[in-house]
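**Student:** Got a predicted structure plus its sequence, pasted below:
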Amino acid sequence: MAARPVRPSALPRRLALSAGLATALGLLAGCQPAAEPAPVATPSPALEAAATAGPRSAIFLHPDGMGANTWMATRLMHVGPDGRLAWDQLPQVAIYVGPTSDSVNQSSNAGATTHAYGVRAKLDSYGAIDGAAPTAASGKAQSLMVEAKAAGKMTAILNSSSLTEPGTGAFLASVANRDDEAEIASQILAAQPDIALGGGEMFFLPKGTQGVHGEGVREDGRNLVDEAKAAGYTVVFTADELAALPPEATKVLGLFAHEGTFNEYTEEGLAEAGLTAFQPQAPRFDAMLAFILARVKSAPNGYLIVGNEEATDNLSGENNVPATLEAAIGADRAIALALAEAKANPSLTVVVASDSDNGGMNATSDDLDEPEDLPRPLPARTASGSLLDSDKGEPFLTPTDANGNRIPFYITWASDSDSAGGTVARGIGPGAVKIEGTIDATQVYKALYLGLFDTDLDAK
């Protein structure tokens, strides 16, 4: 999870979604059920079927902090025991093992560095190891996204937190300290992705300058919003403004919040502050991906999209079950979009992976039929001391199963931080042949690289 708490922005008036975007979101909701030398380029047989289908493209979606247990809870809460998520329909599956060189678990910035370069990082890495950008597994001194852009592919990032959050930022920026977000923002703009959508307006504006969502924090006096406009970007600040852009708008910077587009609080904290978990002026993760896909899917040389849903990580760090699972089902709607595109385009590789299990969320029905062991209202902790989450003292109920039953359950939490174990990578498309068995975190890069460039980095 992010080391620094997300501060809720001063929210502008509630902005209604445009009819077009609202319709798109309605359609999306319906999708739910159901350093060595560079290797010699080796064409992959897995890509032969895609050879005439179009240019190679890839989508990497990172629902941060989601272990297999969080996906189970998402399934139970939103589609029921016999329902299936879009995540469930990705055919390639692997256990993800993600240690860093100095920790058994990843940090968000170390995991993103590994995904961006295909090399094992240190826990404090942010697109750099020991202060310098690493040589990637390809043998080039470039991240995957920088190499894709150099090859003429369109590039796009989306993040439910600040654009400087490492899940996307490490693909375009290299810094010694992940808290140097002003520098990260500068490097992201300098890297010139075609589309960048997320929060973090504060890091694009100088101190003393009032933006749409709050005041800037930059100490160097640079106004990156003005610089982006001068570089040809259309800059938007709300979901309505994003939805109003014409199809020909293909160089877009979206800054939808002061920092993150969600409010990082416990359930009680949200209620006390009078806030919703997701800020109303900002598009959700799946809506951002829908916007990007509509503009890059016909790119003549293909494209690379990297998306990070940070709310699943930070809200689980607050042990907030409803908000975490609402973020999770939003991530699944984005996966449904990517899956549909992969089925229509055999040259597209999609990889979905988290780098940690945050909070250790687990769903169970144990002892619900034994009131002497688990009285009503349900307690705040189990007998062993684990935090217990319920629906105001009553069990949550699943949607109906195949027999018409709604099954009661509750949630327990193991911690409020990142843990190793229970993480899964899934995928579809030519590069996803790398997603099988038990894989190291570096294999995510290799799968995306194979999908983008028809080069198997494991070939000898």
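**Tutor:** Thanks, I have it. Numbering: from 1, shown residues only.

**Student:** Phi, psi for Thr168 please.
**Tutor:** phi -110, psi -40 (degrees, to the nearest 10).

**Student:** actually Ala137, sorry about that
**Tutor:** Here is the backbone geometry of Ala137 (degrees, to the nearest 10): phi -60, psi -20.

**Student:** Please name the residues that touch it.
**Tutor:** Neighbouring residues of Ala137 by CB atoms under 8 Å, 6 or more residues apart in numbering: 117-119, 442, 445-446, 449, 457. Every residue, glycine included, has its C-beta placed from N, CA and C.

**Student:** Which ones among those residues map onto helices?
**Tutor:** Among the contacts of Ala137, DSSP state H puts 117, 442, 445-446, 449 in helices.

**Student:** Most neighbours among the contacts of Ala137, which one?
**Tutor:** For the contacts of Ala137, the largest number of neighbours (other CB atoms under 10 Å) sits with Tyr117, at 30 neighbours.

**Student:** show me the contacts for it.
**Tutor:** 127, 133-137, 143-144, 445.

**Student:** ditto for Ala328
**Tutor:** 63, 66, 70-71, 73-74, 312.

**Student:** Mind listing what's buried along the helix or strand where it lies?
**Tutor:** Using DSSP states H and E, Ala328 maps to helix 321-344. For helix 321-344, burial by neighbour count (16 or more other CB atoms under 10 Å) applies to 321-339, 341-342.

**Student:** ok and the helix or strand just after that helix relative to helix 321-344, angle-wise?
**Tutor:** Downstream of helix 321-344, the first helix or strand assigned by DSSP H and E is strand 348-353. Computed with axes from the mean of the first three to the mean of the last three CA atoms, to 10 degrees, the direction of strand 348-353 lies at 160 degrees from that of helix 321-344.

**Student:** Could you list the alpha-carbon positions for strand 348-353 in PDB?
**Tutor:** Extracted as PDB, the C-alpha positions of strand 348-353 are listed here (Å, rounded to 0.1, in the frame of the first residue of the first chain):
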ATOM      1  CA  LEU A 348      -3.600  -8.300 -28.000                       C
ATOM      2  CA  THR A 349      -2.000  -9.600 -24.800                       C
ATOM      3  CA  VAL A 350      -3.700  -8.900 -21.500                       C
ATOM      4  CA  VAL A 351      -2.000  -9.500 -18.100                       C
ATOM      5  CA  VAL A 352      -3.600  -8.900 -14.700                       C
ATOM      6  CA  ALA A 353      -1.600  -9.200 -11.500                       C
END
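
**Student:** Just give me the neighbour total for Thr100.
**Tutor:** Neighbourhood size, Thr100 [other CB under 10 Å]: 23.

**Student:** which ones are touching the residue lying closest to Thr250 once chain neighbours are set aside?
**Tutor:** Distance criterion CB to CB, 6 or more residues apart in numbering; nearest residue to Thr250, sequence neighbours excluded, is Arg295 at 4.9 Å. If you count contacts by CB under 8 Å, 6+ apart, Arg295 has them with 194-195, 247, 249-250, 252.
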